[in-house]
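Undergrad: I need the structure of the sequence given here:
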Amino acid sequence: MVYFLIRNGTLIDGNGGKPIEKAEILIKNHEIIDLGVEGSLKLPSDKIKYLDARGGFILPGFIDCHVHMMFTGFHFEDPLFTPLSLYFYQATLNLKRTLNAGVTTARDAGMADFGVKSALEQGLITGPRLQISVMPLSTTGGHFDFHHKSGHQVKTTYPGLPDSVCDGEEEVRKRVREVLRAGADVVKVMVTGGVISANDSPEHPQFTAGELQVMVEEASFRGLPVMAHAHGSSGIKNALKAGIKSIEHGTYLDKECIPLFLENDAWLVPTMLVQQINMEKLESGELPEFSSEDARNVFIKGLESVQKAQKAGIKMVMGTDSGIGPHGQNLRELGLLCKAGMDPVEAIQAGTKHAAELLGCQDKIGTIEPGKLADVVICSTNPLQDIDSLGNPDNITMVMKGGRIYKDTEHDIRLLTD
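TA: Residues are numbered from 1 along each chain as shown. Purely as a prediction, here's the structure:
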């Protein structure tokens, strides 16, 4: 039995209440068992490991609802030159950088297979716990169809990673079953084109209403959700009408989209960070020509849509699309959400409590309170005064996942004697 006590910090617990100064948190094995103002807890007589937060700010482990751990940047030609095994070695670094940035749980939006998740659970590699979608589903000519106008195809499948492309209700049904067989926790579907697509644009809708309803039905048989990559308003509306609860990107929200979100109690994962990074790439000449105009439009319209969603009361959570952009900068998303209208408390909840609700893990993670897993982050700066400071991983001085410390840059851990 291992007890762990964190003291001498300001607790921002993720529930949205007033921060607790000079807080202490008592942890037993993997779980938080008590918290309060310093000196108020009844401590066990067993030996207790003690960590001095040194006046830092104690927060729940963050949750990124949209990452790609198998990507380290994205170029269509990469699989032609990159050995398959190298992607996995690169992913170990991506996972570690993500955890060190303060993200203790993530939802992978495509290409991480069951072996990656298993390696994390078995402790073979270090990173956040993962929910996986395995392989996104695409129409022929859609956002994840890697055939090109030249007639050539860039192959992305291997055993354990089913093909992406499916057309017609029966083929769609079979492909969803294959993805679920491969270990998916969530079904990912491309209902519109995308910024990095060579064959379509973000506004273009993909999949019919019937095909989308089949996906939702098949996932529901296992009690699992569907997440939809959706930029254009037509695709967003098709997805919401089919019963999909998680809309990724949501760039072109029109006046008909807003009530559909509210009526269906759906979530928006706006991934503002990747849009910002794409603009930075555009300005430095790193984006392919076919993506340039789309990247600019998505950046402008994406901000407008997040502002609309915030005013309308649509539920929004943190997702970064890291992998398309660099890993380890995940919490920059919180500052961008604030620029779109959230206050810092709301942004922190978007990356903790509310993100856990979207992932269906709110009974285990998302807040610091008794009975939850001990996912704890310490930041050296005050995020309520400077939310952008969370985006610098150097300010994240301690990361604990499930009661185990994976990063600690400035805290001494010793046995408590008083």
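Undergrad: confirm that Gly73 sits in a strand.
TA: No: counting by DSSP: H, G, I helix; E, B strand; the rest coil, Gly73 falls outside a strand, being coil.
Undergrad: tell me the secondary structure at the closest residue to Gly351 other than its chain neighbours.
TA: Counting by CB to CB, 6 or more residues apart in numbering, Met318 is the residue found nearest to Gly351 once chain neighbours are left out, at 3.8 Å. Backbone N, C-alpha and C define where each C-beta goes, glycine included. The three-state assignment at Met318 reads coil, by three-state DSSP.
Undergrad: I figured Met318 hits Leu336, correct?
TA: No: using CB atoms under 8 Å, Met318 is not in contact with Leu336, being 9.7 Å away.
Undergrad: those two: who's more crowded?
TA: Met318 (30 against 24; other CB atoms under 10 Å).
Undergrad: where does the protein dip in pLDDT?
TA: For the chain, the stretches with pLDDT under 70 are 1, 74-77, 146-155, 196-200, 286-291, 417-418.
Undergrad: so where's the longest helix in it?
TA: Counting by DSSP state H, the longest helix found in the chain is helix 289-312.
Undergrad: for it, C-alpha coordinates in PDB please.
TA: The C-alpha trace of helix 289-312 is given here as PDB (Å, rounded to 0.1, in the frame of the first residue of the first chain):
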ATOM      1  CA  GLU A 289      -0.100  24.500 -53.000                       C
ATOM      2  CA  PHE A 290      -3.400  22.500 -53.100                       C
ATOM      3  CA  SER A 291      -3.900  23.200 -49.300                       C
ATOM      4  CA  SER A 292      -3.000  26.900 -49.200                       C
ATOM      5  CA  GLU A 293      -6.400  28.400 -49.900                       C
ATOM      6  CA  ASP A 294      -8.200  25.800 -47.700                       C
ATOM      7  CA  ALA A 295      -5.900  26.400 -44.800                       C
ATOM      8  CA  ARG A 296      -6.500  30.200 -44.900                       C
ATOM      9  CA  ASN A 297     -10.300  29.800 -45.200                       C
ATOM     10  CA  VAL A 298     -10.500  27.200 -42.400                       C
ATOM     11  CA  PHE A 299      -8.400  29.300 -40.100                       C
ATOM     12  CA  ILE A 300     -10.700  32.400 -40.500                       C
ATOM     13  CA  LYS A 301     -14.000  30.500 -40.600                       C
ATOM     14  CA  GLY A 302     -13.000  28.200 -37.800                       C
ATOM     15  CA  LEU A 303     -12.500  31.000 -35.400                       C
ATOM     16  CA  GLU A 304     -15.900  32.500 -36.400                       C
ATOM     17  CA  SER A 305     -17.600  29.200 -35.800                       C
ATOM     18  CA  VAL A 306     -16.100  28.700 -32.400                       C
ATOM     19  CA  GLN A 307     -17.200  32.200 -31.400                       C
ATOM     20  CA  LYS A 308     -20.800  31.300 -32.600                       C
ATOM     21  CA  ALA A 309     -20.700  28.000 -30.800                       C
ATOM     22  CA  GLN A 310     -19.500  29.600 -27.500                       C
ATOM     23  CA  LYS A 311     -22.300  32.200 -27.700                       C
ATOM     24  CA  ALA A 312     -24.900  29.600 -28.400                       C
END
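Undergrad: pull out the buried positions in it.
TA: Buried residues in helix 289-312, defined by neighbour count with 16 or more other CB atoms under 10 Å: 291, 294-299, 301-303, 305-306, 308-310.
Undergrad: let me see the contact set for the closest residue to Lys401 other than its chain neighbours.
TA: Nearest residue to Lys401 in three dimensions, chain neighbours excluded: Thr104, at 4.4 Å (CB to CB, 6+ apart). Neighbour list for Thr104: Gly61, Phe62, Ile63, Pro128, Arg129, Ile365, Asp375, Val377, Val399, Met400, Lys401 [criterion: CB atoms under 8 Å, 6 or more residues apart in numbering].
Undergrad: bridged to the closest residue to the fourth one other than its chain neighbours, which residues?
TA: This points to Pro128. Among residues not flanking Pro128 along the chain, Ala106 sits closest, at 4.5 Å (CB to CB, 6+ apart). Beta bridges link Ala106 to Asp64, Leu130, judged by DSSP bridges.
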